[in-house]
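# sequence plus predicted model, see below.
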Amino acid sequence: MIKVAPSILAADFTKLGEDIESVKSADYLHFDVMDGSFVPNISFGVPVLESVRKITDMILDVHLMIDTPIRYVQKFADAGADIITFHIEAEKEEYIQKTINEINKYGKKAGISLRPDTPVQKIIPFLDSLDLILVMTVEPGYGGQKFLDEMLPKISELRSIINIRKPDCDLEVDGGINIETARICVEAGANVLVAGEDIFHSADRAAHIKELRGH
C-alpha cells in the first residue's frame with residue numbers, strides 16, 4: 001500500500017488547524033524539524049509538535065534534520081511523535097544504534113534518513129532495527145526544490161535489500177514529490193511519499209492525496 005505524508009512545512013501557519021484538517025485523509029503528517037546547523041534553515045520544534053498532537057490523531061512522522069539527534073529523542077517522543085527519523089550523517093557512528101534504541105525505548109517507530117550523497121551501504125548495519133528509511137530526493141533544508149532523478153537507483157537498491165532483510169520496513173521519499181515523481185518513485189520501490197507544496201497548493205487536497213496514492 002502506498003502511503004502519503006503531507007509536510008506541514010508547506011502549510012499556512014496562520015490557519016494550521018484548518019490545513020491539517022484538510023489533509024486528514026492522508027496516512028501520515030510529516031513534520032520537518034530543522035536546526036540551522038545540520039541544515040542551513042530553521043523551521044519549528046517541540047512546542048509546535050505538542051500543539052499539533054492536541055488537534056489531530058493522525059500518525060505524526062517527525063523528520064529530525066538536527067545535529068546530535070539523540071539529545072532530543074525523549075522531547076519529541078513526549079511531545080507526541082509516532083515515528084522519529086534522524087539523519088545518519090548527523091550522529092556519531094557509535095551513537096547511531098543508541099539513537100535507534102532510544103526511540104524504541106519510548107515506544108516510537110525509528111527511521112534513518114540519507115542525504116543524496118550518502119551511499120546505501122551506510123545504513124545496512126542498522127537495517128534490522130529500523131521501521132523506516134527515508135531517502136532525500138533533494139538536499140535537505142529547503143522546500144520547493146527540484147526532484148533529483150539520480151536518486152532513483154538508490155531507491156531501487158534499498159527496496160531490493162529491504163525485501164530480503166526487513167520486508168516490513170517502509171521506504172519513504174521526500175523532496176520534489178508530485179504526481180509524476182511519485183509515480184517513478186513508486187516504480188523504483190518507495191511506498192511512502194512526502195509532499196509539501198504539491199499537496200498544500202492544490203485546490204482539492206483530498207483528491208490530490210488520492211491521486212498521489214495512485215487510486
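In hand now; what should we look at?
# Three-state assignment for the residue nearest the centre of the chain, please.
Central residue of the chain (Cα atoms, centre = their mean): His63, 5.1 Å from the mean position. Put simply, His63 is strand when judged by DSSP: H, G, I helix; E, B strand; the rest coil.
# that one is in contact with Ala90, isn't it?
No: using Cβ atoms under 8 Å, His63 makes no contact with Ala90, being 11.3 Å away. Every C-beta, even on glycine, is put in place using the N, C-alpha and C of the backbone.
# and the helices in the chain, which stretches?
Ranges of helices in the chain, per DSSP state H, are 16-22, 46-55, 73-79, 93-105, 152-165, 179-188, 197-200, 205-213.
# chain center to the fourth one: distance?
On the basis of Cα atoms, centre = their mean, to the nearest Å, helix 93-105 is displaced by 18 Å from the centre of the chain it belongs to.
# which strands or helices does that helix pack on?
The helices and strands touching helix 93-105, judged by 3 or more Cβ pairs under 8 Å, 6 or more residues apart in numbering; DSSP states H and E, are helix 73-79, strand 109-114.
# now do the second one
Using 3+ Cβ pairs under 8 Å, 6+ apart as the contact criterion, the secondary-structure elements in contact with helix 46-55 are helix 16-22, strand 28-34, strand 59-65, helix 73-79.
# show me what counts as buried in it.
By neighbour count on 16 or more other Cβ atoms under 10 Å, the buried set for helix 46-55 is Val46, Val48, Leu49, Val52, Arg53.
# what's the answer for the last one, then?
Neighbour counts using 16+ other Cβ under 10 Å place Arg205, His208, Ile209, Leu212, Arg213 of helix 205-213 among the buried residues.
# now render the residues you listed as TSV, adding pLDDT and distance to Ile8.
Shown next, in TSV, are the buried residues of helix 205-213 (pLDDT from 0 to 100; distance: Cβ to Cβ, whole Å):
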residue	pLDDT	distance to Ile8
Arg205	97	12
His208	97	15
Ile209	97	14
Leu212	96	16
Arg213	94	19
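# is it possible to export those residues to JSON lines including distance to Asp32?
Listed next are those as JSON lines, based on distance: Cβ to Cβ, whole Å:
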{"residue": "Arg205", "distance to Asp32": "18"}
{"residue": "His208", "distance to Asp32": "19"}
{"residue": "Ile209", "distance to Asp32": "18"}
{"residue": "Leu212", "distance to Asp32": "18"}
{"residue": "Arg213", "distance to Asp32": "21"}
